[in-house]
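1. sequence first, then the predicted structure:
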Amino acid sequence: MTHTHEEDPACEVAHGGAPAEGTGRTLVAVFASPVADCLLRFGAELGFRPILLEPDPGRHLAGFTAVTGLGDYLDATADVVLTDHHREEIGPILRDLLKTPARWIGIMGSPRHTGPHVRALTDLGVPAEEIARVHRPIGLNIGSQTPPEIAVATLAGLIADRNARPGGFTF
């Protein structure tokens, strides 16, 4: 049986015959960083509505409007990624994010040691079951080391999750 790309909407998109549909999902990168820049640029290409949450009004990323506080964009479609685990405000920001209906919240960091967000949230009185909602590490395990690789791994993990797939090469 012969297959033409006109019969398959995904194939039509892949060949440039139709625009990719929006995912109806919001991608929130917290903190202006090189990873946030890649994450938001690539995320926009993948149909996410990109938002930069940067509490410091002096920091920004070219091409993205930064919001400085939580808002109605943090709804059940929001996937939130903290792109810097060294910022002092990770505790209060995560505490407040955990009170929103955001669908998924993660923070970058190595799985080889406990993330600083655990102590920061514990010190703020956040219960352990709430702290456990914060994903870390994030993304697919592809050995990413550069900001673009970290963004690709993170977005691949979010896409796999969105499509109820395990990620990787298991089909």
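-> Thanks, I have it.
2. I'd like the distance from stretch 104-116 to the chain centre, please.
-> Its chain's C-alpha centre and that of stretch 104-116 lie 13 Å apart, by Cα atoms, centre = their mean, to the nearest Å.
3. what about that stretch, average pLDDT?
-> The pLDDT scores in stretch 104-116 average 87.
4. residues making contact with that stretch?
-> Contacts with stretch 104-116, where a contact means Cβ atoms under 8 Å, 6 or more residues apart in numbering, come from 35, 78-86, 90, 94, 97-98, 117, 133-138, 150, 154, 158, 161. Yep, even glycine has a C-beta here, placed from its N, CA and C like the rest.
5. the residues you listed in strands, which ones?
-> A78, D79, V80, V81, L82, V134, H135 (DSSP state E).
6. can you select the buried ones from the contacts of stretch 104-116 in ChimeraX?
-> Here is the ChimeraX command that selects only those of these that count as buried (16 or more other Cβ atoms under 10 Å):
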select :35,78,79,80,81,82,83,84,85,90,94,97,98,117,134,135,136,137,138,150,154,158
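7. my read is that F42 contacts A151, right?
-> Yes: with contact taken as Cβ atoms under 8 Å, F42 and A151 are classed as touching, separated by 5.3 Å.
8. give me the more crowded residue out of the two.
-> With neighbours defined as other Cβ atoms under 10 Å, F42 and A151 compare such that A151 has more, 25 against 18.
9. looking at this structure, which helix or strand is least sure?
-> helix 9-14 (a mean of 57; mean pLDDT, DSSP states H and E).
10. and the next helix or strand past that helix?
-> Counting by DSSP states H and E, the next helix or strand C-terminal to helix 9-14 is strand 26-30.
11. strand partners of that following strand, parallel vs antiparallel please.
-> Partners of strand 26-30 in the sheet, by DSSP bridges, are strand 49-53 (parallel), strand 78-82 (parallel).
12. may I have it as PDB, with CA atoms only?
-> The C-alpha trace of strand 26-30 is given here as PDB (Å, rounded to 0.1, in the frame of the first residue of the first chain):
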ATOM      1  CA  THR A  26       2.400  27.200  28.500                       C
ATOM      2  CA  LEU A  27       6.100  26.900  29.100                       C
ATOM      3  CA  VAL A  28       7.400  29.100  32.000                       C
ATOM      4  CA  ALA A  29      11.100  29.500  32.300                       C
ATOM      5  CA  VAL A  30      12.000  30.900  35.700                       C
END
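13. what comes up buried for that strand?
-> Those would be T26, L27, V28, A29, V30, for strand 26-30 by 16+ other Cβ under 10 Å.
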